[in-house]
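Asker: need a structure here:
(one chain, ligands or ions: 1)
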Amino acid sequence: MLLRLTVAKTWRSFSGLTRCAQCLKNGGQTWCRWRLQWKRNYSFLPDDVKSVRSVVNPDISRIRNIGIMAHIDAGKTTTTERMLYYSGYTRALGDVDDGDTVTDFMVQERERGITIQSAAVTFDWKEHRINLIDTPGHVDFTLEVERALRVLDGAVAVFDASAGVEAQTLTVWRQADKHNVPRLCFLNKMDKPGASLAYSIESIKEKLKANPVLLQIPIGSGKGFTGLVDLITNEQVMWSVKCSSEDGRVFQKTPMSSSNNAELRSRAKEARSSLIEQVADLDDEFAELLLGEFGEDFDAVPPEKLRAAVRRVTLARKGVPVLCGSALKNKGVQPLLDAITAYLPAPNERHLDLVRWYKDDLCALAFKVLHDKQRGPLVFVRIYSGTMKPQSAFYNINRGATERMSRLLLPFADQHVEIPSLTAGNIALTVGLKQRRALKEGEGKRGSEKEPSRLVLAGVEVPEPVFFCTIEPPSLARQTDLEHALTCLQREDPSLKVRTDPDSGQTILCGMGELHIEIIHDRIRREYGIETHLGPLQVAYRETILQSVSTTDMLDRTLGDRRHVVTVGLGVSPWAESTATTSCDMTFEESLEEQLAPDVKVAVENGIQSSYLQGPLLGYPVQGVSTTVQSLSIQPGTSMAMVSACVSRCMLKALKQAGGQLLEPLMSLEITVGEQHLSSVLGDLAQRRGAIHDIQSRQDNKVVLASVPLAEMMGYSTVLRTLTSGHATFSLELSSYEAMSPHDQSALLNKMTGLV
Ligand SMILES: Nc1nc2c(ncn2[C@@H]2O[C@H](COP(=O)(O)OP(=O)(O)OP(=O)(O)O)[C@@H](O)[C@H]2O)c(=O)[nH]1
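Answerer: Residues are numbered from 1 along each chain as shown. Purely as a prediction, here's the structure:
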């Protein structure tokens, strides 16, 4: 009896047709804990992976390495989840709100319903291999997006169709521009009452300065969104709306000519004509075809000719195809998959100059490391040329070392399938590479044979952290465990920085934002079993100088029977744009440059660099300063450590004399808020030293664009929630480091030095 009940429950739960008995007992909630657990356990079993197809190395022209990128909550994970379901790799539809999606597998991701780390999945769609990376939308994890875009050939930018382009969309769009990544736009959430195709298209043009090429128009709006018109094939694509549990697998395609909706027919005709004209403007080959054969009758333009032209336009990055749908309501995802295979490039269509040097030798870029307790570091690699095989040796150009990989895996989120080899164009996971950030290889060949400096694939820029706090283990005995945990976490996440305070000896965590540090704290507790204590969160200020100064210093010290004597003269001067940079530089006077021995130069450089790390005001890093070493005399027998110490002391003196200026991180803030709460939000911003740049209208909401010092934004999410009863969202991103006013600077100095 019990068995029968369980089987019945299981079937009901699996089929998604009815609620389980426990759900009904719980007052009719759609999901109960039991059902969630079941979904977690069974919705992504290893045998869901179609391993036979997966092990086949597909032809390179049929591979698509793509990323899904967007502002937070636009629906990236939900869209990815649908792709996995329709391609047959999962048996049940995962849901972000239920915390059971494939790509958000970290506990923190499931609990919070957000993506924290990018996750790679591999699946097949209509004879194509799609390697997909779902990236986070929250700005604290922006490095994850950058790392993914570095190795991808194409991207899908997902938009909330009721919001259009949002703050983080701009950031990820710029990142994709930087890496020349062709992309598609997916206007998601067409089922939302405020969804608007026209508004979203306009904001893509205006804010992203992109050229949207509309390939579909929606049928119905808000809750009445039922399908779309495919303007390429001139067909109506309709999903069934009979049942809310419909999984969207089945849909109907009918030619527009047979539609009895005259208004839709005319809208579609107009949109298709605009599309054809736009593509003809962007692609000469298509324009010629149009002039020659189809000038009089756009209806007769064959879909395949139009598709090929849109592909050329996309690859040349002259336009961005735009599609629409509702991932949550299971509409529009299969056409999006078709578009990925039709318009985004195969790896061999992305012409990387560097790769041709390798010919058939292996060239791969390691772009991400995961730390696995049993297997050690798992390194994600993108293969650019050659073939990768387990149990073979590789030359790591960055580290100048040969390494051996023990196993080769294909990533399916947190599940991995072992494979015997993988060819160019693919993304794989390797086990056994020991070197940190193990990078590119030329199999079995020393880099020198091939001018290694020219053959290294560029990595990504790691953003500077803006927040820091102390972290302490529960007892001194756990300090080593904490250090190990932090080493592993840093290996995975280069935007996390860990240092030791030279005065107090405390360990300092530096991160990209409040959420970033909170997640690291939580991971140390859950994954490494250490209950750590975090000190108060502090802003990472910077220091610079106000004027040019020259000074000298002399060190004369006897240690044991050895006398060390150094005299140094140097000048420091501020950069014209000290707030626009995060670095400093140094030079030697011409005569010294020629005269000094290499080890002396290194010692001097070390002294200068160490003084840049801690400014004279509050010990924050110095930026925007040029130093010129003007004179140096060293008595024989003096150690190089003493040279560094003397230079460092002289630098401190010079920086102090040059007048210290504190720089604080200024953040770009975008708040979306209902009109009724606008005035309270603006009033609050005024008290936070905020400067309002613009207030725009977005459907029924107002969007406030402002800049605010980071120091004023601690715990802002709670404040905003209280001010607006939870009816506002915001996104915060580092804009620049700005000089503090003399009043604010002295207040901060007094506070930090304990004078008030
Ligand atoms: N109405 C509606 N809601 C959607 C749709 N797609 C996603 N959502 C909801 O939007 C919220 C965010 O969805 P996610 O898929 O987590 O969005 P995301 O872009 O992956 O979020 P982050 O990774 O955290 O940036 C969830 O509550 C989803 O259920 C859609 O098509 N329509």
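
Asker: Any idea how many residues pack against Leu669?
Answerer: Neighbouring residues of Leu669 were enumerated by other C-beta atoms under 10 Å; the total is 24. For glycine as for every other residue, the C-beta is placed from the backbone atoms N, C-alpha and C.

Asker: which residue packs closest to it, ignoring adjacent ones?
Answerer: The shortest distance from Leu669 to any residue that is not its chain neighbour, by C-beta to C-beta, 6 or more residues apart in numbering, is 4.7 Å, and that residue is Ala706.

Asker: in which helix or strand would I find that neighbour?
Answerer: If you go by DSSP states H and E, Ala706 is part of strand 701-709.

Asker: That strand pairs with which strands?
Answerer: Here strand 701-709 has these sheet partners by DSSP bridges: strand 660-674 (antiparallel), strand 691-698 (antiparallel).

Asker: for these, which one ends up most surrounded?
Answerer: Using mean count of other C-beta atoms under 10 Å, the stretch among these with the largest mean neighbour count is strand 660-674, at a mean of 22.

Asker: For it, output the C-alpha coordinates as PDB.
Answerer: Presented in PDB, the C-alpha positions along strand 660-674 are these (Å, rounded to 0.1, in the frame of the first residue of the first chain):
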ATOM      1  CA  GLY A 660      48.000  63.500   0.900                       C
ATOM      2  CA  GLN A 661      44.600  63.400  -0.800                       C
ATOM      3  CA  LEU A 662      42.100  60.600   0.000                       C
ATOM      4  CA  LEU A 663      40.100  59.200  -2.900                       C
ATOM      5  CA  GLU A 664      36.800  57.500  -2.300                       C
ATOM      6  CA  PRO A 665      34.900  55.000  -4.600                       C
ATOM      7  CA  LEU A 666      32.000  56.700  -6.300                       C
ATOM      8  CA  MET A 667      29.300  54.400  -7.400                       C
ATOM      9  CA  SER A 668      26.800  54.600 -10.300                       C
ATOM     10  CA  LEU A 669      23.400  53.900  -8.900                       C
ATOM     11  CA  GLU A 670      20.300  53.000 -10.800                       C
ATOM     12  CA  ILE A 671      17.100  52.700  -8.900                       C
ATOM     13  CA  THR A 672      13.800  51.500 -10.400                       C
ATOM     14  CA  VAL A 673      10.900  52.700  -8.200                       C
ATOM     15  CA  GLY A 674       7.200  53.300  -8.400                       C
END
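
Asker: For whichever helix or strand comes after it, enumerate the helices and strands it packs against.
Answerer: As assigned by DSSP H and E, the chain's next helix or strand after strand 660-674 is helix 675-687. In terms of contact count using 3 or more C-beta pairs under 8 Å, 6 or more residues apart in numbering; DSSP states H and E, helix 675-687 is assigned the packing partners strand 660-674, strand 691-698, strand 701-709, helix 716-724.

Asker: what would those look like in JSON lines with mean pLDDT and distance to Leu362?
Answerer: Compiled in JSON lines, the helices and strands packed on helix 675-687 are given as follows (pLDDT from 0 to 100; distance: least, C-beta to C-beta, whole Å):
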{"stretch": "strand 660-674", "mean pLDDT": "91", "distance to Leu362": "42"}
{"stretch": "strand 691-698", "mean pLDDT": "90", "distance to Leu362": "49"}
{"stretch": "strand 701-709", "mean pLDDT": "92", "distance to Leu362": "47"}
{"stretch": "helix 716-724", "mean pLDDT": "87", "distance to Leu362": "46"}
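
Asker: Sounds good, over and out.
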